[in-house]
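[1] sequence and predicted structure, then a few things I'm wondering about:
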Amino acid sequence: MAEAALKAESELTDGFHLLIDALKLNGVETMYGVPGIPITDFGRMAQASGIRVLSFRHEQNAGYAAAIAGFLTKKPGICLTVSAPGFLNGLTALAHATTNCFPMILISGSSEREIVDLQQGDYEEMDQLAIAKPLCKAAFRVLHAADIGIGVARAIRAAVSGRPGGVYLDLPAKLFGQVMDADAGRKSLVKVIDPAPAQIPAPEAVKRALDVLKGAKRPLIILGKGAAYAQADDAIKSFVEKSGAPFLPMSMAKGLLPDTHPQCAGAARSTVLRDSDVVMLIGARLNWLLSHGKGKTWGEAPKKFIQVDIEPKEMDSNVAIAAPVVGDIGSAVSALLAGMGGNWPAVPADWIKTVIAKRDENIARMAPRLMNNNSPMDYHGALGVLRTILKERPDAILVNEGANTLDLARGIIDVYQPRKRIDVGTWGVMGIGMGYAIGAAIETGKPVLAIEGDSAFGFSGMEIETVCRYKLPVCVVIFNNDGIYRGTDVNKAGSDPATTVFVKGARYDRMIEAFGGVGVNATSPDELKRAVNAAMDSGKPMLINAVIDPAAGIESGRIGNLNPQSKLAKK
Ligand SMILES: Cc1ncc(C[n+]2csc(CCOP(=O)(O)OP(=O)(O)O)c2C)c(N)n1
Ligand SMILES: [Mg+2]
């Protein structure tokens with residue numbers, strides 16, 4: 001009798017297991033999240049089944065880890081949260097993933113439909129699906145265990161196909177416990193075939209683009225993070241080299257070709273944007289980061305734009321695109337390369353000479369500043385040291401956020417390999433730091449150096465415990481200038497501190513000691529160098545409090561011009 005019951009049970013499955021089976025069938029190996037009702041047991045069972053389930057201290061950081069996992073692997077990063085508040089905490093990261101075109105799936109448990117929809121005050125009641133919809137690429141809810149396979153398949157396809165983005169998957173608590181016949185359950189699962197189908201550009205579009213490029217006297221290629229995402233590194237390098245054109249990498253495209261490449265115009269940015277006559281965008285959008293393709297930055301010279309992007313709607317978004325090439329970056333760049341043939345004309349020598357002269361002049365002007373050993377440190381002295389460390393360790397991943405800490409590091413630190421620099425992205429968002437560091441360490445197994453403004457670090461600082469718990473090879477350097485932009489601001493009225501300053505002389509290095517990690521207080525570039533090298537050699541969690549002169553930074557880093565101004569005097 002008992003045996004018969006056991007047999008009957010073994011022929012049943014439930015929502016918990018169907019979800020695990022559906023994810024595993026589609027190659028999901030890792031999930032990032034925070035446990036709680038109704039997904040605690042699901043996390044446990046997933047872990048028991050061999051999926052790596054990383055528990056964070058806040059869902060936003062788990063979400064950022066999932067988002068960057070998507071960028072680094074071309075597979076959707078998975079974030080798992082509880083209902084209402086946990087869901088909302090994860091939602092910022094989902095919206096961030098969508099804005100940055102990273103594939104990610106936010107899976108949130110939710111409360112009972114019957115009660116939520118009648119607004120009867122359920123535990124963590126919220127209409128999560130409705131809230132997620134405008135903030136992501138697609139949103140789905142699964143109500144029946146038999147639909148879990150289809151739900152997961154739809155979520156994966158929506159996240160990675162076409163222009164990648166964030167997908168929300170809503171799973172009400174009751175779904176997990178639903179029981180169904182195991183065989184029928186198995187048959188309900190879907191293995192997604194070719195989740196991100198190649199999108200081959202039309203031959204006419206490729207020819208048109210090459211004709212425009214060939215006609216250029218002063219060509220420029222701009223590589224965006226879409227190009228880095230594509231993992232078409234060899235084709236992109238060959239194409240840029242064959243074109244002979246100067247190239248400008250957007251910050252997360254740095255390293256597709258090394259920043260030290262002879263064609264790299266990173267240090268001559270203003271010159272190439274202003275004076276080029278044909279600009280080819282590869283996986284880069286003409287958004288605010290490129291001044292929308294118009295205005296003073298882009299100079300007076302008439303320009304023609306070629307744009308390579310997977311999203312047709314991207315074309316003409318800010319200025320007219322003379323030669324749109326719609327397709328995935330890998331297919332498009334390969335087609336362009338093939339279309340160039342054997343005798344592609346050289347770029348006019350005077351243009352190359354102008355760009356190189358400007359670049360070398362700017363690099364030479366910067367060089368002595370990077371070698372100073374001032375204490376307290378300025379940004380240049382500290383970054384000069386980190387620049388050398390990453391030159392010697394080109395496979396380490398650099399995470400970077402802050403204002404001055406971001407803008408100066410982006411310009412100063414050279415990147416030598418693709419997808420080795422991950423940062424605030426399209427929104428310039430603070431808070432990606434520890435989530436990105438953890439996601440990058442887990443997904444790649446490479447050492448991570450996180451260069452963080454003291455304010456930026458604060459958004460995800462508690463995850464330093466997560467770094468220690470999983471013993472990750474993450475070295476965090478906090479550029480501690482006592483505040484946001486500068487630590488010198490004063491409140492002219494009243495006794496509260498000014499809005500942009502923090503506790504003076506804070507010792508962030510002591511935070512990591514609470515969790516068994518190594519903390520170092522570095523007051524000079526020499527000390528900083530010793531500490532970071534030791535951390536990178538050990539592969540163990542380390543947090544370095546780098547003491548930066550509070551007066552060294554400027555308001556809003558390099559984007560102070562975006563602050564609204566009034567004609568009235570400031571009060
Ligand atoms: C989520 C979010 N909140 C607020 C901001 C506004 N913001 C931009 S940079 C920054 C912090 C800059 O200070 P810090 O990280 O210490 O860098 P520093 O310039 O001092 O080197 C803030 C709060 C933001 N970009 N994102
Ligand atoms: Mg600061």
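    Cool, got the structure. Numbers count the residues shown, from 1 in each chain. Ligands and ions are numbered 1, 2, ... in the order given.

[2] contacts, neighbours, all on C-alpha from now
    OK.

[3] my read: D181 touches E11, true?
    Yes - here D181 reaches E11: they are 6.1 Å apart, a contact under C-alpha atoms under 8 Å.

[4] touching ligand 1 at all, stretch 490-506?
    No - contact between stretch 490-506 and ligand 1, assessed by C-alpha under 6 Å from any ligand atom, is absent, since the two come no nearer than 8.2 Å.

[5] what residues does that stretch touch?
    480, 482-489 (C-alpha atoms under 8 Å, 6 or more residues apart in numbering).

[6] if we go to 6 Å?
    Defining contact as C-alpha atoms under 6 Å, 6 or more residues apart in numbering, one finds that stretch 490-506 is touched by 482-484, 487, 489.

[7] G453 bridge partners, please.
    Residues in a beta bridge with G453, per DSSP bridges, are F479.

[8] in contact with it, which residues are there?
    If you count contacts by C-alpha under 6 Å, 6+ apart, G453 has them with 402, 405, 478-479.

[9] which one of these is nearest to N362?
    Using C-alpha to C-alpha, T405 is the member of the contacts of G453 that lies nearest N362, at 19.5 Å.

[10] can you get me a residue count around that closest one?
    The burial metric for T405, expressed as a neighbour count using other C-alpha atoms under 10 Å, is 25.

[11] and I193, by the same measure?
    Other residues lying near I193 total 10 when counted by other C-alpha under 10 Å.

[12] just confirm it is within a strand.
    No - with the criterion set as DSSP: H, G, I helix; E, B strand; the rest coil, the secondary structure at I193 is coil rather than a strand.

[13] so how far is I39 from it?
    Noted for I193: a distance of 28 Å to I39, by C-alpha to C-alpha, to the nearest Å.

[14] repeat that for A493.
    As it turns out, when the distance is counted by C-alpha to C-alpha, A493 lies 49 Å from I39.

[15] looking at these two, which is more packed in?
    Here A493 and I39 are set side by side on neighbour count (other C-alpha under 10 Å), and the busier one is I39, at 25 against 8.

[16] how close does the more buried one sit to R218?
    Relative to R218, I39 is positioned 57 Å away (criterion: C-alpha to C-alpha).

[17] quick one, grab the pLDDT at K571.
    In the prediction, the pLDDT value recorded for K571 is 70.

[18] typo on my end, it should be A4
    pLDDT, A4: 67.

[19] could you do K7 as well?
    Looking at K7, its pLDDT stands at 64.

[20] pLDDT added to the contacts of G453, as JSON lines?
    As requested, the contacts of G453 are arranged in JSON lines below (pLDDT from 0 to 100):
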{"residue": "G402", "pLDDT": "98"}
{"residue": "T405", "pLDDT": "98"}
{"residue": "I478", "pLDDT": "98"}
{"residue": "F479", "pLDDT": "98"}
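
[21] closest to ligand 1 among the contacts of stretch 490-506?
    I484 (3.4 Å; C-alpha to the nearest ligand atom).

[22] and the closest one, what are its phi and psi?
    Dihedral pair for I484: phi -90, psi 120, per degrees, to the nearest 10.

[23] and if you look at L80?
    Note on L80: its backbone torsions stand at phi -120, psi 120 [degrees, to the nearest 10].

[24] and it, what is it in contact with?
    When the contact criterion is C-alpha under 6 Å, 6+ apart, the partners of L80 are 33, 107-108.

[25] looking at the residues you listed, which are in strands?
    Taking DSSP state E as the definition of strands, the contacts of L80 contribute 33, 107-108.

[26] next one: the nearest residue to W351 once chain neighbours are set aside relative to E527, how far apart?
    Closest residue to W351 in three dimensions, ignoring its sequence neighbours and counting by C-alpha to C-alpha, 6 or more residues apart in numbering: R218, at 5.8 Å. Relative to E527, R218 is positioned 45 Å away (criterion: C-alpha to C-alpha).

[27] re earlier: save the contacts of G453 as a markdown table, and put in distance to ligand 2 too.
    Formatted as a markdown table, these follow (distance: C-alpha to the ion, whole Å):
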| residue | distance to ligand 2 |
| --- | --- |
| G402 | 7 |
| T405 | 7 |
| I478 | 8 |
| F479 | 6 |
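
[28] filter these to the buried ones?
    Buried by 16 or more other C-alpha atoms under 10 Å: 402, 405, 478-479, out of those.

[29] closest to R269 out of the contacts of stretch 490-506?
    Comparing every one of the contacts of stretch 490-506 with R269 (C-alpha to C-alpha), the shortest separation belongs to I484, at 26.3 Å.

[30] ok, that closest one to H58 distance?
    Distance from I484 to H58, by C-alpha to C-alpha: 23 Å.

[31] these two: which has the busier surroundings?
    I484 (26 against 18).

[32] contacts only, for that one.
    455, 500.

[33] so what pLDDT did it get?
    Predicted confidence (pLDDT) at I484: the value is 98.

[34] what does I222 give?
    Model confidence at I222, given as pLDDT, is 99.

[35] kindly report the same for the one 5 residues further on.
    The per-residue pLDDT reported for A227 equals 98.

[36] for the lengthiest helix in the chain, which outside residues touch it?
    Secondary structure assigned by DSSP state H gives helix 349-370 as the longest helix of the chain. When contacts are defined by C-alpha under 6 Å, 6+ apart, helix 349-370 is touched by residues 218, 267-268, 380-381, 384.
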